[in-house]
Every structure is written in structure tokens, then in C-alpha cells.
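In: Okay, predicted coordinates and the sequence, questions at the end:
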Amino acid sequence: MNFITVKKAKEIIEKEIFKTVENKISLKDSLHYYTAQNIYAPLDVPNFDNSAMDGYAFSYKDYEECKKIKVSYTIQAGDSNIPSLRSGEAVRIFTGAPIPHGADTVIMQEKISLKNDYLIFNDSQIKKGQNIRLRGSQSKKGDLLISSNTKITAGVLGFLAGFGFTHLYVNTYPKIGIIVTGNELTEVGNPLEFGQIYETNSWALQAALQELNILPTILIKVKDNNELTLQAIKKAWEKADILLITGGISVGDYDFVQEALENLGTKKLFYKIQQKPGKPMYFGKKENQFVFALPGNPASVLTCFYQYVQPFIEGIKGRKNFYEEKYLGALSSDFEKNNNLTLFLKAYEKDGNVKILSAQESYKLDSFSKSNCIAEIDGGPRILKQGEKISLWKI
Ligand SMILES: Nc1nc2c(c(=O)[nH]1)N[C@H]1C(S)=C(S)[C@@H](COP(=O)(O)OP(=O)(O)OC[C@H]3O[C@@H](n4cnc5c(N)ncnc54)[C@H](O)[C@@H]3O)O[C@H]1N2
Ligand code: MOO
């Protein structure tokens with residue numbers, strides 16, 4: 001067998017991950033991008049000592065010396081003109097309001113009572129400095145806030161907004177083109193003639209790309225014809241860094257994709273992987289452009305997308321870990337493996353237990369619609385026992 005292993009195929013793909021240009025974009029638009037640079041704190045956060053509670057601020061020394069402490073004024077969040085506190089004075093204060101000079105401790109309002117504006121403490125556990133959020137206690141000016149190659153989540157975005165950042169540098173996304181091939185394909189929405197099937201690969205691929213925040217820059221649907229396939233690929237290369245082609249990559253008389261790619265100067269990096277589904281997958285390169293020709297069966301397309309295309313694209317976006325989706329689960333029943341191929345099986349994982357779904361054939365998508373992960377089982381024929389740990393891939 002001249003097919004390569006899954007491991008080797010992934011190594012080849014991972015090695016080709018390239019760096020895109022950095023782009024300065026608005027923080028608002030940055031969700032799901034990866035940072036292109038380290039980001040350092042331009043200021044201390046919090047920027048001033050402030051109260052963590054609605055209550056009263058006072059000097060701990062006054063409390064310790066059992067002085068009578070009188071509430072003399074109020075500070076609200078947002079106030080900026082703050083008089084200093086004199087000995088024997090407290091201020092009514094609210095969450096987020098600046099601590100006045102002379103105060104070093106806050107008590108929440110539930111733990112005191114007031115008598116003629118004097119504080120009566122109903123708490124025997126008061127600690128100096130309590131309930132005060134000190135300047136710089138989250139981040140100090142100059143701290144490394146976010147390293148390059150960090151995915152911008154809602155948490156990252158909110159964190160950076162807290163420093164007043166309006167823009168940041170991210171890696172741009174690669175441009176993706178999709179070509180689907182096949183005479184038998186009918187557009188969803190049209191009546192189905194005998195011998196026709198609805199064209200679903202472009203739907204699944206576009207949705208899978210949307211999960212990565214990417215819209216394809218070009219989508220072409222082409223008949224099984226040598227010249228038309230060549231023209232479609234040529235047109236798509238003009239618009240895309242990475243081409244995803246489905247169908248026409250096997251050995252049939254009407255499978256023209258590999259020939260067309262190579263006539264256009266594409267260099268084959270591999271063809272055929274020791275796996276099921278998705279065996280006749282092709283990966284190639286034309287200067288700095290790449291092509292994944294995915295076997296046309298719908299479940300093969302999605303499986304190959306999640307195993308190979310998605311980590312490649314995420315790597316280009318800036319993700320460091322090619323294998324990030326991988327985790328382990330225990331088989332919920334025995335599983336019989338009867339060949340030497342690496343199997344990627346639609347599965348459902350809950351609380352660490354994984355059920356291999358029925359309907360694994362690559363023309364069936366019903367199991368995909370019920371799955372929340374793909375189980376990977378490699379090695380030779382054998383029975384894997386219930387409870388045995390296997391590799392899973394989040395989808
Ligand atoms: N003699 C051999 N025949 C086949 C082999 C083989 O090794 N020797 N491998 C089989 C395997 S495994 C696969 S996978 C397929 C891959 O074939 P192609 O990539 O050439 O794909 P097509 O033949 O064009 O289509 C396969 C299948 O998928 C349906 N299809 C294609 N495109 C779409 C689409 N956009 N939406 C929905 N369905 C699609 C198509 O109708 C076919 O049924 O080759 C096997 N044959
Ligand atoms: O390699 Mo194919 O995807 O099993 O039908």
C-alpha cells in the first residue's frame with residue numbers, strides 16, 4: 001500500500017502552515033482572530049484604589065484605637081474630586097468609588113449600624129485593607145497582558161477594552177475557495193430528477209468554515225468535465241489561498257481533479273491516506289497556495305475537513321496547537337475493528353463515555369447529524385473492550 005499514514009499526512013500539512021500578514025483591526029471586530037503581537041499594559045488596572053463594596057471607608061487605626069468614627073460625606077462611583085479623610089471620620093462609599101486619602105479599610109453596609117451618623121460595627125473580624133481593590137492589583141503598567149497567537153475570546157476582548165485599547169494587530173485569515181464537482185448534483189430548492197442528488201458538500205463546508213469565522217471568497221460548482229474542471233480551478237486560484245475541492249479525486253473515468261490540478265502546476269504533497277473515510281484525499285501546493293481535494297462522499301468531506309483542513313486554517317490564523325481538538329473518552333460498549341486503516345467514527349460523548357454511532361458509511365450524513373465528536377481508532381484488527389480509552393476529536 002503506497003498510502004501514507006494519518007500521522008504522516010498531518011505532519012506534512014502542519015509543516016506547510018504559513019504566516020499571513022498582520023493587520024490592525026478594531027477591537028470590536030477582533031473576536032475569534034489570533035493576536036499577532038504581544039500586548040502590554042499601557043496603564044495600571046484598576047487605575048486607582050477603589051471600594052469593592054457598598055459601605056463605609058475609614059482608617060483601620062481609628063477602629064483599632066476604638067475611636068468614635070463619624071460618617072462625614074459620600075463618595076459615589078465616578079466621583080473625582082475626593083476630599084481627604086480626617087482622623088475619626090468615615091465616608092459613605094459605593095462599589096467602584098475611589099478610596100479617599102486617609103482611609104484604608106471598607107466595611108460593607110450590612111455589617112454596621114448607624115447612630116447619629118456614628119458607625120457601630122457589627123463585625124468582629126475586620127481586617128486592615130479589606131474590601132479595597134488596590135491600584136494595579138489586576139495588572140501593572142508594562143505587564144504582558146496577552147501573548148501573540150492568543151485567540152480573542154469575549155474574555156480577552158473585554159480584558160483589553162479595560163485598558164482603553166481600540167485597535168490591535170491580528171493575523172489575517174487565509175482566503176478560501178470551494179469547488180464542488182459532479183454531474184449528478186442538483187441545487188437545493190430545485191426538484192430532484194432520477195439519478196440526481198442534492199448538492200450538500202458546499203453547504204457543509206461553508207458551515208464548517210463559518211465555525212472558523214470565514215466566508216469563502218469563491219464557490220464554483222462544476223460538471224465532471226476535464227476542461228471545465230481545469231477552468232474552475234484556474235479561476236478559483238485567482239481568488240483563494242486555499243482551495244477545497246470535493247469529488248472527482250478517485251480513480252473513476254470521470255475523476256478529473258488531480259489531473260487538472262497538476263496540469264495547472266500543482267505539486268502533489270500526498271495522495272491517499274490509510275484511513276476510513278476519506279481514503280483518496282489529496283493535498284497539494286502551487287507556490288504559496290494550497291489545495292485539499294476531498295473525496296466527494298459527504299461524510300468523507302466533513303471528516304477530512306475536521307481532521308486536516310480545520311487545523312491547517314486555525315494554524316494559519318495563529319493557533320499553535322495543531323491537535324487542539326483531541327481528547328480521550330471511554331468506549332461505552334465493545335467495538336470490533338476489522339481492518340488496518342485508521343477509522344474516524346461519528347460518535348457521541350457524554351461525561352467521558354463515548355458511543356460509536358451506527359451508519360458510518362461515507363455516503364450517510366445522519367450519524368454526523370447526531371454526533372458531537374469523531375472517534376479515532378487505529379491499529380490492526382481486534383476487539384476494543386468497553387471502558388477502553390480512545391482518542392476523540394471535538395467537532
Ligand atoms: N474503484 C474504486 N472506486 C472508488 C474508490 C476506490 O478506491 N476504488 N474509493 C471510493 C471512496 S472510499 C471514495 S471516498 C470515493 C471518492 O470519490 P471521488 O472523490 O471521486 O468523489 P465522487 O465520485 O465525485 O463522489 C463520491 C460520492 O459523493 C457524492 N457527492 C459528490 N459530491 C457531492 C456533493 N457536492 N454533494 C453531495 N454528494 C456529493 C457523489 O454523488 C458520490 O456518491 O470513491 C470511491 N470509489
Ligand atoms: O474513503 Mo471513502 O470516504 O471511505 O467512501
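Out: Looks like it arrived, so ask away. Numbers count the residues shown, from 1 in each chain. Ligands and ions are numbered 1, 2, ... in the order given.

In: in the stretch 251-395 of the chain, what residue is nearest ligand 1?
Out: Across the stretch 251-395 of the chain, the shortest distance to ligand 1 (Cβ to the nearest ligand atom) belongs to Gly296, at 2.7 Å. Where you see a C-beta, it was placed from the backbone N, CA and C, and this is true even at glycine.

In: Show the model's pLDDT score for the closest residue to that residue other than its chain neighbours.
Out: Spatial nearest neighbour of Gly296, chain neighbours left out: Gly247 (3.0 Å); criterion: Cβ to Cβ, 6 or more residues apart in numbering. Gly247 is assigned 96 on the pLDDT scale.

In: Contacts only, for Gly247.
Out: Going by Cβ atoms under 8 Å, 6 or more residues apart in numbering, Gly247 touches Val180, Thr181, Gly182, Asn201, Asp255, Val257, Pro295, Gly296.

In: next one: phi and psi at the last one?
Out: Listed backbone geometry of Gly296 is phi -60, psi -20, with angles given as degrees, to the nearest 10.

In: In contact with it, which residues?
Out: Counted by Cβ under 8 Å, 6+ apart, Gly296 has contacts Thr181, Gly182, Asn201, Thr246, Gly247, Gly248, Ile249, Ser250.

In: so the last one makes contact with Tyr282?
Out: Read it as Ser250. No: using Cβ atoms under 8 Å, Ser250 is not in contact with Tyr282; the gap is 10.1 Å.

In: ok, those two, which is more surrounded?
Out: Using other Cβ atoms under 10 Å as the criterion, Ser250 and Tyr282 rank with Tyr282 on top: 22 against 15.

In: So what pairs up with the more buried one in the strands?
Out: Tyr271, Ala293 (DSSP bridges).

In: mind listing the helices for the stretch 101-250 of the chain?
Out: Counting by DSSP state H, counting those that start in this stretch, the stretch 101-250 of the chain has helices at residues 154-161, 201-210, 226-237.

In: whoops, I mixed them up, the stretch 251-395 of the chain
Out: Under DSSP H, counting those that start in this stretch, the stretch 251-395 of the chain gives helices at 257-263, 298-304, 310-317, 366-370.

In: Buried deepest among the ones you listed, which one?
Out: Counting by mean count of other Cβ atoms under 10 Å, helix 298-304 has the highest mean neighbour count of these, with a mean of 26.

In: Point out the residues in the stretch 201-350 of the chain that sit beside ligand 1.
Out: The stretch 201-350 of the chain has residues 201, 246-252, 255, 277, 279-280, 295-298, 300 near ligand 1, with proximity defined as Cβ under 6 Å from any ligand atom.

In: Of these, select the buried ones using a ChimeraX command.
Out: Here is the ChimeraX selection string for the buried members of those, based on 16 or more other Cβ atoms under 10 Å:
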select :201,246,247,248,249,255,277,279,280,295,296,297,298,300
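
In: on that earlier part again, want to try TSV for the contacts of Gly296, with distance to ligand 2 as columns?
Out: Compiled in TSV, the contacts of Gly296 are given as follows (distance: Cβ to the nearest ligand atom, whole Å):
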residue	distance to ligand 2
Thr181	15
Gly182	14
Asn201	12
Thr246	11
Gly247	11
Gly248	13
Ile249	10
Ser250	8
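
In: rewinding a little: could you dump the helices of the stretch 101-250 of the chain to a markdown table with mean pLDDT?
Out: Formatted as a markdown table, those follow (pLDDT from 0 to 100):
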| stretch | mean pLDDT |
| --- | --- |
| helix 154-161 | 98 |
| helix 201-210 | 98 |
| helix 226-237 | 97 |
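
In: Against Glu64, how distant is the closest residue to Thr5 other than its chain neighbours?
Out: Leaving aside its sequence neighbours, Thr5 sits nearest to Gln274 (Cβ to Cβ, 6+ apart; 5.4 Å). Separation of Gln274 from Glu64 (Cβ to Cβ, to the nearest Å): 75 Å.

In: what about the two, which has more around it?
Out: Using other Cβ under 10 Å, the more surrounded residue of Gln274 and Glu64 is Gln274, with 19 against 11.

In: The more buried one touches Asn2, doesn't it?
Out: No: under the criterion of Cβ under 8 Å, Gln274 is not in contact with Asn2, lying 10.0 Å apart.

In: What score does Met1 have for pLDDT?
Out: The model reports Met1 with a pLDDT of 50.

In: closest one to Ile17 among the helices of the stretch 251-395 of the chain?
Out: Evaluated over the helices of the stretch 251-395 of the chain, closeness to Ile17 peaks at helix 310-317, with 3.8 Å, by Cβ to Cβ.

In: same for that closest one, what does it pack against?
Out: helix 6-15 (3 or more Cβ pairs under 8 Å, 6 or more residues apart in numbering; DSSP states H and E).

In: Show me where the stretch 51-200 of the chain has its strands.
Out: In the stretch 51-200 of the chain, the strands defined using DSSP state E, counting those that start in this stretch lie at 55-58, 70-75, 89-93, 105-108, 112-115, 118-121, 132-133, 144-146, 167-171, 176-181, 185-186, 197-198.
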